[in-house]
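Colleague: generate a structure from the sequence data that follows.
(chains A and B)
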Protein chains: 2
Amino acid sequence: MIPEQTTVAPTEQRGHGLFTTGSPVTSWTVRTALPVDYRVRFAPRLLAPDNPALATAGLPAGPGRQRRKRLLLVVEARVHELYGERIHAYCEAQRLDWSCCILLAHERVKTMESVFQVVEQLDRFGLARRGEPVIAIGGGVLTDIVGLACSLYRRSTPFVRVPTTLIGLVDAGVGAKTGVNYGRQKNRLGSYHPAVETLLDPSFLATLDTRHLSNGLAEILKIALIKDRRLFETLDLHGERLLAERFRTPGGTAGEGGTGAEVLARAVHGMLQELQPNLWEKELERAMDYGHSFSPTLEMRALPELLHGEAVCVDMALTTVLARRRGLLDAAQCARILSLMRRLGLPIHHRLLEPGLLSDALADTVRHRDGRQRLPLPVGIGSGCFVDDLTAHELALASADLKEIADPTTTTATATAREAA
Amino acid sequence: MIPEQTTVAPTEQRGHGLFTTGSPVTSWTVRTALPVDYRVRFAPRLLAPDNPALATAGLPAGPGRQRRKRLLLVVEARVHELYGERIHAYCEAQRLDWSCCILLAHERVKTMESVFQVVEQLDRFGLARRGEPVIAIGGGVLTDIVGLACSLYRRSTPFVRVPTTLIGLVDAGVGAKTGVNYGRQKNRLGSYHPAVETLLDPSFLATLDTRHLSNGLAEILKIALIKDRRLFETLDLHGERLLAERFRTPGGTAGEGGTGAEVLARAVHGMLQELQPNLWEKELERAMDYGHSFSPTLEMRALPELLHGEAVCVDMALTTVLARRRGLLDAAQCARILSLMRRLGLPIHHRLLEPGLLSDALADTVRHRDGRQRLPLPVGIGSGCFVDDLTAHELALASADLKEIADPTTTTATATAREAA
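Modeller: Here you go, the predicted model:
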C-alpha cells in the first residue's frame, strides 16, 4: 500500500508519524498481486483402486504429501451411471470418508441454479475452507459449474478437475475460467478460478459417443488452425482414425503413447501457452477466441441443437471463408479446412447463420472485447491475425458463400453427425 | 508455464522441439500472478455539479484522463430518495449519457437475487467489458452486491464505490471483498474484486441516522482495540461528540479536517495496512477478523434485529471479557472498553448469545479458518493475539459474565440505540 501524498506534506518532514499532527493522508493506492499456481497432468488408470493420484489430488505436493481423510466428489449424472461403481470402489479402497454428489450437467442446466445445488452440498459436507479440495468429475459443463460454485463459496474454495470428455480434456479442464449461462447469454456469469490440479485420464473417452468426440475435436482443430500447423497435419492424416478408435492406440490404453497422446498433449500445451501469459484476459486479442466470435450467440439461440464445439466449428468455417475472401487463405487451403471439418463429423453451416444473428453476435462480441472487434482470422493454416474492420456486408457475403458450399441437406448438426457416424 | 519433465527427457537433449519425436510432455505447471491496483481516496463535494471526480472515476489516470460519455449508476433506494435529484443534476451538468438503477439493499435482501437484478441492468445498458466502470452509490450491503455482480459479469467488470454510510466509508468500501448471504449464512458466496476506485465523501453522513453511525463506529472501534491505541483514545475522548455531530467539524463539512477526519483516515489506513499484504486472505490469522468470530452467526440468527456493526460489537464485548478472564486485559481496561461501547450507542450483549449459538458459531468459524480457531483476542488496548485453545466452558463463563455486566433491560440493539439517541 502506498499512501499518496496528495494533500499532505511527506510524513518525514513533520516527524510526528502519519496521523499525529496536521492533516491526515487522504489517498491510498493498494498495489499487490495474487500468485496463481496450478497443475495439469496426464494421470492414466485414475480409478485403479491402488492409484493414490485421486486421493492426494489438490493437496500440497512434496515428500510429506498426505492423503486426504475426507473427500467430496461432484460427479456428472451420466458419468456416474457409467463409472459410479468404480468411483465408489476407489474411495472405499483408499479408505476415504467420502461423499458423492450427482449433478446433471448440460448446456441448458448450465445455470446459477446448478451452482446453488453444488453450494448446498458443500454446506452439507461441512467443507473446511482450504484443506479439502472438492473433486469434480465430468465434462466441461460440469467442471465449469463446480468451478464457479467453489470460486464463490467462502470467496474461494480449492477444487480438482477430472475431465471425462474430449472437450474437457483439451479445453474446459485446462484453463482458468468457470461460468454459467445467464438468460440467453453464454457464460455471462463466471470467474477466473483454475482448479489447483487437473488430472487428465483419456481412458474416459472409451465410453464417449462419437458426436461428443467430434465436439472436442473442434477445439483441437481451433488450436491447429490458429497456431499449430503440425497439429493440423496430424489431424488431417489421422483425425478420422482417432475419432473411430476413440483416441486409443491399438493394443494400448487411450492416450498412452501414439498419435492420440500426441494430439492431446499438443492441444493442451498449445492452450496453456496462450493462457499462461494472459490468464485473466487483460489482453483481449486472444488467439484462443478463434471460433468464439459468433458461436456464443449461435449456440444459445440454437439450444439444445448444437454442442459447443459444433457451434465453434460453424464459426470457424464462416471465418475461414471470410479469410479466403480477404486473401488470407488460398482456395485449396480453404477447401482442405472445410473438408477436414466434415471428416471430423463437424457441421460447417447452420440455418440460423443469417445476417440478423450475425449482426447481434458481432455487437455482443464487440462489447465483450471492450468496444473493438479484435476478431481472430486464420492466415494460411496454423497462424492468425486480428481485424477490427469487418463489415456486415462482408459477413453476409461470407455466410452466403458458406451456405452454398455446405450441402443444404446436411447443414444441421444432427444431420452432419448422422452422416459422420 | 513450466512444462515439467516428469516423463520425458529435457527437450534440448532431443533437439527436435517438444513434440516432434518421442513421448510428449505429460505434465504442466502454470505459474503466474494477477496484479491488482486500486485506489481509495477522500473526495469531498462529490455531487457538486462542477466536480469531475465522479465523471472520471475508475478511468485510467494520467494527463490524458478522459471523462466518460456513458455512465451506469446503481444507487441504493434510500440514498436515491435523499440524493437522487442531486445525482441526476450532476449527470446532466457533466453531460453524461447516464442510466440509474435503484436497488433496495439491506441484510435480508443481500442475496443472489439482488445480484441478478444488477446483472440485468448491466445487460440492458449494454456495458462494454472494461472501459465503463459501473458506479455503486450506497452502504456496505449495496457495494457488496454490486461488487459481486460486477465480479461475475463477463468474469470481471470494473466498478467504482461511493460509500454513503460510516461502515461503508471505513470498512466495506475499502477492502476487496464482495459477497451475499446464502441460506442463513453470512457472506457465504462472494469474491475478491476490489473497486478500481473508491471515493470517500463523508458529507453523506449528514443524513445518516444515529444508529447507523454507531454501526460504523463499531468497525472503527475494532481497529482501535486490536491495533491502534491512539485511535481508541481519540474515540474515548471524542466518540460521543462525533456521533452527535455526525463527524462534522463545527463550521466545516464532514471529514474536512478536525477529529472526524482524523478518525476516518486512521480507520481507513489501519484497515488498508492489514489488507494490502493479505488481500486474498491466504493468511487466515487476520486482525481484521476481530469481532467477526461469533458475530456472523449471531447477526444471521437475529435478523433483522442487529445491524452488522452491532453484532460485531457484541462479539467484541464477549471476547473482551474472554481476554479479561485470561488475564490479557486488566479489569479497568475491560470496564473502559465496555463503557465506550455503550457510549457509542452499541449493544454489548444479546439474548441469543447462549452456549448453543456460541458453539455453532465457533464450529463454522473453525471451518472458515480451515480447521483451526485462529481467534483474535485483544491484549490490553490496541494490540491482539490469536488463540486456538478456546473451550466451550470458557465461552459459557464469559457469556455469563457479560450477561451480568450488561443491564438486561438494555441488551437488545433497539433498546441500546434508543438509549443512545
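Colleague: say whether chain B is contacted by the strand ranked longest in chain A.
Modeller: When chain A is parsed with DSSP state E, its longest strand is strand A:27-42. Yes - part of strand A:27-42 sits near chain B under the criterion CB under 8 Å from any CB of the partner chain, namely A:27-42. Bear in mind the C-beta positions are built from the backbone N, C-alpha and C, glycine included.
Colleague: contact residues of the stretch 151-300 of chain A facing chain B?
Modeller: A:151-156, A:177, A:179, A:182-183, A:185, A:187-192, A:194, A:230, A:257, A:261-262, A:265-266, A:268-269, A:272-273, A:275-277, A:279-281, A:284.
Colleague: try 7 Å
Modeller: For the stretch 151-300 of chain A, the residues in contact with chain B (CB under 7 Å from any CB of the partner chain) are A:152-155, A:177, A:179, A:182, A:188-192, A:257, A:261-262, A:265-266, A:269, A:272-273, A:276, A:279-280.
Colleague: if we can go back for a sec, can you spell out which helices and strands pack onto the helix or strand just after the longest strand of chain A?
Modeller: Beyond strand A:27-42 in the direction of the C-terminus, DSSP states H and E gives the next helix or strand as helix A:53-56. In terms of contacts (3 or more CB pairs under 7 Å, 6 or more residues apart in numbering or on different chains; DSSP states H and E), helix A:53-56 is not packed against any helix or strand.
Colleague: if we can go back for a sec, give me the mean pLDDT for the longest strand of chain A.
Modeller: Average pLDDT, strand A:27-42: 95.
Colleague: what packs against that strand?
Modeller: So strand A:27-42, by 3+ CB pairs under 7 Å, 6+ apart, packs with strand A:2-4, strand A:197-200, strand B:27-42.
Colleague: any idea which of these is most buried?
Modeller: strand A:197-200 (a mean of 26; mean count of other CB atoms under 10 Å in any protein chain shown).
Colleague: so what's the gap between that strand and the chain middle?
Modeller: 13 Å (CA atoms, centre = their mean, to the nearest Å).
Colleague: state the mean pLDDT of that strand.
Modeller: 98.
Colleague: which residue is the nearest non-sequential neighbour of A:Ser114?
Modeller: A:Ile145 (4.9 Å; CB to CB, 6 or more residues apart in numbering or on different chains).
Colleague: likewise for A:Ala392?
Modeller: Counting by CB to CB, 6+ apart, the residue nearest A:Ala392 is A:Ser359, at 5.7 Å.
Colleague: can you pull the poorly scored residue ranges out of the stretch 151-300 of chain A?
Modeller: By pLDDT under 70, the low-scoring segments of the stretch 151-300 of chain A are A:249-257.
Colleague: give me the three-state assignment for the nearest residue to A:Leu152 once chain neighbours are set aside.
Modeller: Counting by CB to CB, 6+ apart, A:Leu152 lies nearest to B:Leu189, which is 4.2 Å off, once chain neighbours are set aside. Of the three states, B:Leu189 takes strand according to DSSP: H, G, I helix; E, B strand; the rest coil.
Colleague: residues touching B:Leu189, list them.
Modeller: A:119, A:152-153, B:112, B:179-180, B:182 (CB atoms under 7 Å, 6 or more residues apart in numbering or on different chains).
Colleague: as TSV, the residues you listed with distance to A:Phe386, neighbour count and secondary structure would be great.
Modeller: As requested, these are arranged in TSV below (distance: CB to CB, whole Å; neighbours: other CB atoms under 10 Å in any protein chain shown; DSSP: H, G, I helix; E, B strand; the rest coil):
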residue	distance to A:Phe386	neighbour count	secondary structure
A:Val119	38	23	helix
A:Leu152	33	32	helix
A:Tyr153	37	22	strand
B:Met112	36	22	helix
B:Gly179	37	25	strand
B:Val180	38	23	strand
B:Tyr182	41	20	strand
